[in-house]
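Peer 1: Pasting the sequence and the predicted model now:
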Amino acid sequence: SYSASMSMLVILPAIRKKIKIKGSFAESLSAGIAVNTGMLPLLLYMFNSFSIIGALANTGASAAASFLCSGGYAVYLLDKMCLPKVIIRTLSKAIVGAADIFRSTAYKIADGESFLYGIRCASPPIILIIIYYLVLIMLLTGTLSVRKLAAVCLASATVFAGGEIYQVELLFFDVGQGNAALIRTVDGIAGIVDTGDGGVSLSRLLLKEGVGKLDFAVVSHGHKDHYGGLEELIKNIDVGVVFVPDNGFDEYCTALSERKDICVKIISEECTYKLGKYSEMRMFESGLARENLNDGSIVVELYGKWGNVLLPGDAEETALEEFMEKGKIKKSTVLCLPHHGSVTSGSEKFLYAAMPEYVIISVGQGNRYGHPSEIVLNRLACAGVPQTRIYRTDIDGAVRIKAGVFARFKEFVFVWRKKVKLSQLLPI
């Protein structure tokens, strides 16, 4: 609303000054053009979609609104003048009929499926929105010059360069009782580990983060709280490859691996992928058919000179013991606690092997499983992890981590939003 109002106050006068506009319809049309021009970047940023037909229809919306309002007032006044009821009814039906046409047209535009009706896109960076408005103001005021445009481009390049000092970013989404973690590198590579239970639209969250395409998605195992959001994700976001575990007991992942509409790669034992210049991703699983799907989870380790992050899925003690014996569990900068902090996945031996500096617990508020276990939280304290370095999605909401190496010093930045106080979660 503020954007539309500012467009009418700033952009519309400039349009009228540059183009001689005559007639009420032309006036209304120019108002629609001004509003669409002013609101375009904010529509993309907030709603992640833009309708070409909607914009065209919106340019004439003010004219249509004027017609309907004027017609409505005319009917009201004519009724007060005690004209024959048949005339009033006829005029009323005409106005209501016109309003219905506009309403049905709006619904058709909203429900349209072709790219003309709706183009889905990721939220543009704030700097691009600033550049858009700067260039727009220059064009409207007639003071656009090569020098000024070069200055804007130079400032933009500086901001972009400054934003790329961190080499990797992780965002643990708040998906309730489930897991979903976005990985982004400075090289432009993006992927996701698990997709929650489907109760939250991951595609919308990703678009809000400016991610319109994923290079990979990992489904750690076939439990719904880890794969439930995958269908919605691949329907709305282009996903390069989906990694699944090699477990004959895992019916969902087996069925997923046989699909022809998406690229699926089965992870058997261990493999490593480079994620650009500064980071690598190692994935491994037990290599054995596990009837307990939790123990068949893919374990993901993201690492570089900046440190490492371990995401063990729902792996329990049997699998974790096996991994420790093979030397696959290493000291971690950040550990996403396996199985949402279940007592079956947080043994003292495992926690001392991982020895995390920071811990993420992806867990639903007031979940019926009692996760995270108080026993595991006590074990973390004994392992030397202070409570101030434990981040929980049920308390803190989404947890964002940025990491990099600057002048040979590692730096981790945690950004999160406080959701509820811990006292609100304690039983009365």
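Peer 2: Yep, that arrived. Quick caveat: nothing in here was measured; it's all calculated off a predicted structure.

Peer 1: Just checking, which helix or strand succeeds the helix or strand of the chain with the lowest mean pLDDT along the chain?
Peer 2: When each helix and strand of the chain is scored by mean pLDDT, DSSP states H and E, helix 146-163 comes last, with a mean of 61. Proceeding N to C from helix 146-163, the next assigned helix or strand is strand 168-172, under DSSP states H and E.

Peer 1: Return the set of residues that bridge with F406.
Peer 2: With DSSP bridges applied, F406 shows beta-bridge pairing to F409.

Peer 1: How many residues are close by it?
Peer 2: The local packing of F406 (other Cβ atoms under 10 Å) involves 11 other residues. Where C-beta positions appear, they are placed from N, C-alpha and C, glycine not excepted.

Peer 1: so what's it scoring on pLDDT?
Peer 2: According to the prediction, F406 has pLDDT 72.

Peer 1: these two touch, right, S332 and L310?
Peer 2: Yes: with contact defined as Cβ atoms under 8 Å, S332 reaches L310; the gap is 4.3 Å.

Peer 1: Tell me how many other residues surround M355.
Peer 2: Other residues close to M355 by other Cβ under 10 Å number 15.

Peer 1: which residues does it contact?
Peer 2: K331, S332, A383, G384 (Cβ atoms under 8 Å, 6 or more residues apart in numbering).

Peer 1: Name the nearest residue to the third one, ignoring sequence neighbours.
Peer 2: Spatial nearest neighbour of A383, chain neighbours left out: L351 (4.5 Å); criterion: Cβ to Cβ, 6 or more residues apart in numbering.

Peer 1: you'd agree that neighbour is in a strand?
Peer 2: No: L351 is assigned helix when assessed by DSSP: H, G, I helix; E, B strand; the rest coil, not a strand.

Peer 1: That one contacts R379, doesn't it?
Peer 2: Yes: using Cβ under 8 Å, L351 is in contact with R379, at 5.5 Å.

Peer 1: Let me know the pLDDT of F50.
Peer 2: 75.

Peer 1: Now do the same contact list for it.
Peer 2: L40, L43, L44, G118, I119, C121.

Peer 1: Low-confidence ranges, the protein, go.
Peer 2: 21, 23-25, 58-63, 108-118, 142-165, 407-409, 415-428 (pLDDT under 70).

Peer 1: Run through who's touching stretch 198-211.
Peer 2: Here stretch 198-211 has contacts from 48, 120-125, 171, 173-176, 178, 180, 182, 184, 190, 192, 195-196, 212, 214, 224, 228-229, 231-233, 235-237, using Cβ under 8 Å, 6+ apart.

Peer 1: Report the buried members of the residues you listed.
Peer 2: 48, 120, 122-124, 171, 173-176, 178, 180, 182, 184, 190, 192, 195-196, 212, 214, 228-229, 232-233, 236-237 (16 or more other Cβ atoms under 10 Å).

Peer 1: picking that back up, relative to G32, which of the contacts of F50 is nearest.
Peer 2: L40 (12.7 Å; Cβ to Cβ).

Peer 1: residues contacting the closest one?
Peer 2: Per Cβ under 8 Å, 6+ apart, neighbours of L40: F50, Y132.

Peer 1: What's the end-to-end length of stretch 71-89?
Peer 2: 13 Å (Cα to Cα, to the nearest Å).

Peer 1: Just say helix, strand or coil for G364.
Peer 2: Going by three-state DSSP, the secondary structure assigned to G364 is coil.

Peer 1: Give me the nearest residue to it, chain neighbours excluded.
Peer 2: Q177 (3.1 Å).

Peer 1: Mind jotting down where the helices sit in the stretch 1-150 of the chain?
Peer 2: 2-6, 12-18, 24-47, 52-59, 61-80, 85-111, 126-141, 146-163 (DSSP state H, counting those that start in this stretch).

Peer 1: Of those helices, give the one that comes closest to M324.
Peer 2: helix 146-163 (38.5 Å).

Peer 1: Then the residue nearest to G364 would be within a helix, right?
Peer 2: No: with three-state DSSP as the criterion, Q177 is coil rather than part of a helix.

Peer 1: where's it relative to D295, distance?
Peer 2: According to Cβ to Cβ, to the nearest Å, Q177 and D295 sit 19 Å apart.

Peer 1: is it true that K305 touches V405?
Peer 2: Yes: if you go by Cβ under 8 Å, K305 and V405 touch, sitting 4.9 Å apart.

Peer 1: Give me the more crowded residue out of these two.
Peer 2: V405 (16 against 12).

Peer 1: The more buried one and E411: what is the separation?
Peer 2: 8 Å.

Peer 1: what is in contact with those two at once?
Peer 2: Residues touching both V405 and E411 (Cβ under 8 Å, 6+ apart): W306.
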